[in-house]
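# Structure for this input, please:
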Amino acid sequence: MLYVDKCCCGCSLRTGAIIVAIIDLLFDLLHPIAVIGHYIVAKGNVEDDAWITVFFVGELIIGLIDLVFCILLIVGLRKESVSLIMTWWWWTVLQMALQVVYGIFFMFYHTTNGVSIVSFFMIMALFFYGVVVVKSHVTSVQKKRKVADELLLSESAQSAEL
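Sure, this is the predicted structure:
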């Protein structure tokens, strides 16, 4: 897995992870609005309205689930809970894979222009960078805890000798 020492603009990994959480939260809040708007435009303009409805309902469900995991990330960052942060990380990796499959399917099923294809890949790149930053933050937290545990054990051993 890729690891970065700092987030963009020289921010700490914790700050970068918080920025990722805020950006993800904004996407999660805007996603349902965009999906509903796109559904209204697409409905009736394709041959199989039932299939397009299933696709957009799936998008809404994924968006709502992503909102729950984003809240877990925010709580995990606040409490420095590696398990909550990694829950978001695993979901986001799975969600990105699903979004790529959905995106490719949608590009073939529905005519798109170059701007939407570029936008799609830019959003995926942004989420990929976010995944790297959050995982790097988790790795740094785990390293700090390991060092702290080793210091605590060595102090315990020294005090036991006295």
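
# contacts, neighbours, all on C-alpha from now
OK.

# in the helix or strand hosting residue 32, what counts as buried?
Remark: residue 32 resides in helix 13-42, with elements defined by DSSP states H and E. For helix 13-42, a neighbour-count test (16 or more other CA atoms under 10 Å) marks 13-25, 27-28, 31-32, 35, 39 as buried.

# chain center to the next helix or strand after it: distance?
The helix or strand immediately downstream of helix 13-42 is helix 49-79, counting by DSSP H and E. Helix 49-79 sits 11 Å away from the centroid of its parent chain (CA atoms, centre = their mean, to the nearest Å).

# do stretch 86-103 as well
Taking CA atoms, centre = their mean, one finds stretch 86-103 lying 7 Å from the centre of the chain it belongs to.

# buried residues in the helix or strand containing residue 85?
Following DSSP H and E, one finds residue 85 within helix 82-109. By 16+ other CA under 10 Å, the buried positions in helix 82-109 come out as 82, 84-86, 88-89, 92, 95-96, 99.

# wait, which of those is closest to residue 70?
residue 88 (6.5 Å; CA to CA).

# okay, the residue positioned nearest the centre of the chain: pLDDT?
The centroid of the chain falls nearest to residue 92 when counting by CA atoms, centre = their mean (4.1 Å). At residue 92, the model reports a pLDDT of 91.

# and what of residue 111?
63.

# for the one 10 residues further on, same thing?
Model confidence at residue 121, given as pLDDT, is 84.

# Mind telling me what element it is part of?
Residue 121 is located in helix 114-161, with elements delineated by DSSP H and E.

# Quick one: list the elements packing against that helix.
helix 13-42, helix 82-109 (3 or more CA pairs under 8 Å, 6 or more residues apart in numbering; DSSP states H and E).

# Which of those helices sits closest to residue 66?
Judged by CA to CA, the one of the helices and strands packed on helix 114-161 that comes nearest to residue 66 is helix 13-42, at 6.7 Å.
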